[in-house]
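Enquirer: no sequence for this one, just the structure:
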């Protein structure tokens, strides 16, 4: 019986044993990523050994630079941990900082065919790189660092075959919102993406979809590899890797077609995504006080570029705060060289250093009572970005930028339709 990509990757990690839906098994972890949140006293316990320092990555991302004394103490604990065990893959405050999942991509830590774990729930982001990534508990990721192991129970896999081509005002965040609207909860499933139109999706676009699959409650999510991906990884990591493709006779719980040409700009209404998505036109006109573009899902160069295309020649509406956070300092520098930062600041936006910041509600733009925000980030749950009385709409960077100009939720086609691609 043929195997899916995820079944092949986990079978290798399980020492070559065959794994099937329903099986529980122990696996060897290729990379364990610890983030600054792991080093807070409520989670941290002293570690006396690690399995292999070369298989550990430490990234400060949620509260960076430290916005308070508790965060500063956690960072100090993390730095001592890195020093004690000689961990070389360390991303502290500075030129190499960024959100952990983006760092895993930029530095080639997420190798095709490998297994990566982190305590952050959006670790499935690395699935865009044919890497099986999973968010596990804080105690579990520490255990993985100590022993080099963790365990999983295999779920069945749903396959999505991508066809068609996106229109200029439609981006990968709209693809995710369409999946959430059409197919809903994937709580019992892994997800695999491939198909003839995969080549038309940039790696940034794929990463948005794999990151947001967490909000479908999917287990593992993974994309088929292609030449674009393999070349990208080889430029960043000389280590050998084995990309995985599904067998022609792989067994899926379901197989579905995603037609990109049928997509339109969408928005998730406040407090939930699944069962709560509508076309932008149905929410248009809702006044906003804050707009945010960033996070591991939508702080890529692609995201910043389309936001700049919308904002160019316009100003953010009076009474609206537009906050833009590149997902890494490398992306910030790329945007700076491309002239995007000038476009943002001329439009009246505030550009921050790379951090989870606004998305996680930790700092750099916490929402106040009864405010309304439209965000291109990962979650719109009540209280996620600040005060629990605030309302959070979720949409693409193009829609967020258009809304910031209008002062209310707006269709990106109003601003991008006549612009050159």
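Expert: Yes, it's here. Computed from a predicted structure; not experimentally measured. Numbering: from 1, shown residues only.
Enquirer: can you give me the helices for the stretch 201-350 of the chain?
Expert: 203-212, 227-236, 280-283, 295-298, 301-311, 329-337, 340-347 (DSSP state H, counting those that start in this stretch).
Enquirer: where along the stretch 1-150 of the chain do the helices fall?
Expert: Using DSSP H, counting those that start in this stretch, the helices of the stretch 1-150 of the chain run over 5-13, 69-85, 100-106, 138-147.
Enquirer: CSV for these, including mean neighbour count, distance to residue 57 and mean pLDDT?
Expert: For the C-beta atoms, the positions are set from N, CA and C on the backbone; glycine is no exception. Below are these laid out as CSV (neighbours: other Cβ atoms under 10 Å; distance: least, Cβ to Cβ, whole Å; pLDDT from 0 to 100):
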stretch, mean neighbour count, distance to residue 57, mean pLDDT
helix 5-13, 24, 17, 98
helix 69-85, 16, 10, 97
helix 100-106, 27, 7, 98
helix 138-147, 20, 10, 96
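Enquirer: residue 255 is nearest to which of these?
Expert: Closest approach to residue 255 among those is made by helix 5-13 (13.6 Å; Cβ to Cβ).
Enquirer: name the helices or strands packed onto the closest one?
Expert: In terms of contacts (3 or more Cβ pairs under 8 Å, 6 or more residues apart in numbering; DSSP states H and E), helix 5-13 is packed against strand 24-28, strand 115-118, strand 132-135, strand 190-194, strand 221-223.
Enquirer: try 7 Å this time
Expert: Packing partners of helix 5-13 (3 or more Cβ pairs under 7 Å, 6 or more residues apart in numbering; DSSP states H and E): strand 24-28, strand 132-135, strand 190-194.
Enquirer: ok, which of those comes nearest residue 273?
Expert: strand 190-194 (15.3 Å).
Enquirer: angle of that closest one against helix 5-13?
Expert: Strand 190-194 and helix 5-13 meet at an angle of 110 degrees, taking axes from the mean of the first three to the mean of the last three Cα atoms, to 10 degrees as the criterion.
Enquirer: what's the angle between strand 190-194 and helix 203-212?
Expert: Here the directions of strand 190-194 and helix 203-212 differ by 160 degrees (the same axes, to 10 degrees).
Enquirer: okay, now the unreliable bits of the chain?
Expert: 417-421 (pLDDT under 70).
Enquirer: let's see 80
Expert: Counting by pLDDT under 80, the chain contains low-confidence ranges at 416-421.
Enquirer: how does it divide into domains?
Expert: 5-260, 267-416 (automatic domain parsing).
Enquirer: report the distance from the shortest one to the chain centre.
Expert: Averaging C-alpha coordinates over domain 267-416 and over its chain gives two centres that are 15 Å apart (Cα atoms, centre = their mean, to the nearest Å).
Enquirer: start to end distance for it?
Expert: One end of domain 267-416 sits 17 Å from the other (Cα to Cα, to the nearest Å).
Enquirer: same deal with stretch 94-103?
Expert: Stretch 94-103 has its terminal residues 13 Å apart, counting by Cα to Cα.
Enquirer: hmm, who's touching that stretch?
Expert: By Cβ atoms under 7 Å, 6 or more residues apart in numbering, the residues outside stretch 94-103 that reach it are 33, 35, 59-61, 64, 91, 106, 118, 120, 122-123, 125-126, 211, 296, 299, 327-330, 354, 356.
Enquirer: again, only this time at 6 Å
Expert: For stretch 94-103, the external contacting residues (Cβ atoms under 6 Å, 6 or more residues apart in numbering) are 33, 35, 59, 61, 91, 118, 125, 296, 327-329, 354, 356.
Enquirer: measure stretch 364-382 end to end?
Expert: In terms of Cα to Cα, the two terminal residues of stretch 364-382 are separated by 18 Å.
Enquirer: would you mark the buried spots in it?
Expert: Across stretch 364-382, burial judged by 16 or more other Cβ atoms under 10 Å covers 364-367, 371-380.
Enquirer: hang on, the earlier thing: among the helices and strands packed on helix 5-13, which comes closest to residue 39?
Expert: The minimum distance between residue 39 and the helices and strands packed on helix 5-13 falls on strand 132-135, with 17.2 Å, by Cβ to Cβ.
Enquirer: now the closest one: how far from the chain's centre is it?
Expert: Counting by Cα atoms, centre = their mean, strand 132-135 is centred 12 Å from the centre of its parent chain.
Enquirer: who does that strand pair up with?
Expert: Sheet pairing of strand 132-135 (DSSP bridges) gives strand 115-118 (parallel).
Enquirer: mean neighbour count, the domains of the chain: which tops it?
Expert: Most buried of the domains of the chain, by mean neighbour count (mean count of other Cβ atoms under 10 Å): domain 267-416, with a mean of 22.
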